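In: coords please:
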Amino acid sequence: MINIYIISNIVDYDSIILYNILCANKYINNNLLKKLKFLFLKKNKNKRSSINDKLKYFNNIHTLILNNNNSITDEELKYIPNIHTLDLCYNILITNNGLKYISNIHTLILISNKFITDDGLKHISNVHTLNLLSNELITDDGLKYISNIHSLSLNNNKLITDKGLKYIFNVHTLFLMSNKLITDDGLKYISNVHTLNLFSNELITDNGLKYISNIHTLILNK
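Out: Numbers count the residues shown, from 1 in each chain. All right, here's what the predicted structure looks like:
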């Protein structure tokens, strides 16, 4: 078991990533939590009290990784609205309602969150960098809410079609890997993108490249 009192004497909180230090509350000092800048809490399956009742102390953290924590719910997110980078991958209890609490976050990772839908995206339109890989409920209609995001990953989203791309023509960096419904016709909407990843899109042909000839960085490998 890791004792955070010992850690506080030997590490720099600006550079350390702590792994699962919240598994036992008896070792946690709330003043120490406020000093943390980076925190990695992956695959927590302990009782809710092991992490959830500590999130209110995390609002000054720069980077918080909470992927695959099956106890984190929407309500806990209200404690961390000012975090710079937040990873909520594979959190099965996060829904659209929780996103309203984290609307001002710089970088948000929502890979494979089963209950995030189009309606939830309207809460995070101001995010700078957004990763929505494998969110199976996101459709073309939802993209209108995130049209001004700087960097956007829509990899492996099965419901995204050419129609949706017309909403995201202002995106700087766009990842569209393994989107089976994107065709040549959709590329005309994203001709002004700076960086575009079309890896493993089977319906993209040479004919479609005429629409994206001015893109700075283009990835097409299959």
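In: Identify each buried residue in stretch 88-106, please.
Out: Residues 88-91, 93-96, 98-99, 101-102, 105-106 are the ones in stretch 88-106 that count as buried (16 or more other Cβ atoms under 10 Å). Using the backbone N, CA and C atoms, a C-beta is placed for each residue, glycine as well.
In: Greatest separation within these: which pair is it?
Out: 93 and 106 (23.4 Å; Cβ to Cβ).
In: Could you pull up the residues touching the nearest residue to residue 158 once chain neighbours are set aside?
Out: Nearest residue to residue 158, sequence neighbours excluded (Cβ to Cβ, 6 or more residues apart in numbering): residue 136, at 5.9 Å. By Cβ atoms under 8 Å, 6 or more residues apart in numbering, the residues touching residue 136 are 114, 157, 158, 159.
In: pLDDT wise, what is residue 22 at?
Out: You'll see residue 22 listed with a pLDDT of 45.
In: ok, now residue 168?
Out: 98.
In: looking at this structure, which helix or strand does the model trust least?
Out: Ranked by mean pLDDT, DSSP states H and E, the helix or strand of the chain with the weakest confidence is helix 4-10, at a mean of 39.
In: returning to that earlier point: out of the buried residues of stretch 88-106, which one sits closest to residue 148?
Out: residue 106 (14.0 Å).
In: My guess is that closest one contacts residue 84. True?
Out: Yes. Counting by Cβ atoms under 8 Å, residue 106 touches residue 84, with 4.8 Å between them.
In: Can you pull the phi and psi angles for the residue nearest the centre of the chain?
Out: Nearest to the geometric centre of the chain sits residue 109, at 1.2 Å (Cα atoms, centre = their mean). Backbone geometry at residue 109, expressed as degrees, to the nearest 10, gives phi -110, psi 120.
In: quick one: contacts for it?
Out: 67, 85, 86, 87, 88, 89, 131.
In: so who does the fifth one touch?
Out: Same thing as residue 88. 66, 67, 72, 94, 108, 109, 110, 113.
In: Could you look up the SS state of the fifth one?
Out: Judged by DSSP: H, G, I helix; E, B strand; the rest coil, the three-state class of residue 108 is strand.
In: ok, what's across the strand from it?
Out: residue 86, residue 130 (DSSP bridges).
In: top of the contacts of residue 136 by neighbour count?
Out: residue 157 (25 neighbours; other Cβ atoms under 10 Å).
In: just the helices in this structure please.
Out: According to DSSP state H, the chain carries its helices in the segments 4-10, 30-33, 96-99, 118-121, 162-165.
In: circling back to that earlier point, with distance to residue 140 added, can I get the buried residues of stretch 88-106 in TSV?
Out: Listed next are the buried residues of stretch 88-106 as TSV, based on distance: Cβ to Cβ, whole Å:
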residue	distance to residue 140
88	23
89	23
90	24
91	25
93	26
94	22
95	21
96	17
98	23
99	19
101	26
102	24
105	24
106	26
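In: From those, pick the one nearest residue 118.
Out: Nearest to residue 118 out of those is residue 96 (Cβ to Cβ; 8.8 Å).
In: mind checking how far the closest one is from residue 216?
Out: 34 Å (Cβ to Cβ, to the nearest Å).
In: Export only the CA atoms of stretch 164-183, formatted as PDB.
Out: C-alpha atoms of stretch 164-183 as PDB (Å, rounded to 0.1, in the frame of the first residue of the first chain):
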ATOM      1  CA  GLY A 164     -22.100  15.400 -40.900                       C
ATOM      2  CA  LEU A 165     -18.800  16.700 -42.300                       C
ATOM      3  CA  LYS A 166     -20.400  19.900 -43.500                       C
ATOM      4  CA  TYR A 167     -20.700  21.000 -39.800                       C
ATOM      5  CA  ILE A 168     -17.000  20.700 -39.000                       C
ATOM      6  CA  PHE A 169     -15.300  22.500 -41.900                       C
ATOM      7  CA  ASN A 170     -13.500  24.900 -39.400                       C
ATOM      8  CA  VAL A 171     -11.800  22.100 -37.500                       C
ATOM      9  CA  HIS A 172      -8.000  22.400 -37.600                       C
ATOM     10  CA  THR A 173      -7.100  18.700 -36.900                       C
ATOM     11  CA  LEU A 174      -9.500  16.000 -37.800                       C
ATOM     12  CA  PHE A 175      -9.300  12.200 -37.300                       C
ATOM     13  CA  LEU A 176     -11.700  10.100 -39.300                       C
ATOM     14  CA  MET A 177     -10.100   6.700 -39.100                       C
ATOM     15  CA  SER A 178     -12.300   3.700 -39.700                       C
ATOM     16  CA  ASN A 179     -15.500   5.500 -40.400                       C
ATOM     17  CA  LYS A 180     -17.100   3.200 -42.900                       C
ATOM     18  CA  LEU A 181     -19.800   5.600 -44.200                       C
ATOM     19  CA  ILE A 182     -17.400   8.500 -45.300                       C
ATOM     20  CA  THR A 183     -17.100   8.700 -49.100                       C
END
